[in-house]
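**Q** Below are the sequence and a predicted model; questions follow.
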Amino acid sequence: MKLEKEFRKLEAAAGKEFRAEGWHGRLEYERSLDLRYRGEGYELNVPAAANVTARVLATQFHDEHQRRYGYHHAGREIELVTLRLRARFADGATGSTRAKGCRTDNSAKGVIMRKAGGARGGVLSTTKR
């Protein structure tokens, strides 16, 4: 599925950014998608497991729409607006002094890195539109 390919690209970019900042350790990834019914102006964020199928994503979206708004449109077309990836280090990650306190906003790359999870944590959030 093309989504898997795009998420792998984001994961590679996240790993590269963390390493460039001096972080070392095993990364964990959290994938999600912003989806909406075609023509609507708002999205719902839905988790996206590795190798998830379009059918499963549609079911998750309809279920979340039903939960949040009290209705859903089972036959209506769904648009994918944004792929989201959150990368964080598993326990035991270490980084340079610069990396531990960093807040870097690389708007051209769509990457924001900020301190999280205490002195030894780090989060890199990146989106692709």
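**A** Yep, it's here.
**Q** Show me the shaky parts of the chain.
**A** For the chain, applying pLDDT under 70 flags the ranges 92-129.
**Q** Could you rerun that using 50?
**A** For the chain, the stretches with pLDDT under 50 are 97-126.
**Q** and the closest residue to residue 89 other than its chain neighbours, how many neighbours does it have?
**A** Spatially, and ignoring its direct neighbours in sequence, residue 89 is nearest to residue 25 (4.5 Å; CB to CB, 6 or more residues apart in numbering). In this view, the C-beta of every residue, glycine as well, is placed from N, C-alpha and C. For residue 25, the neighbour count with other CB atoms under 10 Å is 17.
**Q** Give me the distance between the residue nearest in space to the middle of the chain and residue 40.
**A** Centroid check for the chain by CA atoms, centre = their mean gives residue 85 as the closest residue, at 1.9 Å. Distance of residue 85 to residue 40, given as CB to CB, to the nearest Å: 24 Å.
**Q** how about the strands in the chain?
**A** 27-37, 44-47, 78-89, 103-106, 111-114, 123-128 (DSSP state E).
**Q** So which bits of the third one are buried?
**A** Translated: strand 78-89. By neighbour count with 16 or more other CB atoms under 10 Å, strand 78-89 contains the buried residues 78, 80, 83-89.
**Q** Compile those residues into JSON lines and extend it with columns for distance to residue 58.
**A** Formatted as JSON lines, the buried residues of strand 78-89 follow (distance: CB to CB, whole Å):
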{"residue": "78", "distance to residue 58": "6"}
{"residue": "80", "distance to residue 58": "11"}
{"residue": "83", "distance to residue 58": "16"}
{"residue": "84", "distance to residue 58": "18"}
{"residue": "85", "distance to residue 58": "21"}
{"residue": "86", "distance to residue 58": "23"}
{"residue": "87", "distance to residue 58": "26"}
{"residue": "88", "distance to residue 58": "28"}
{"residue": "89", "distance to residue 58": "33"}
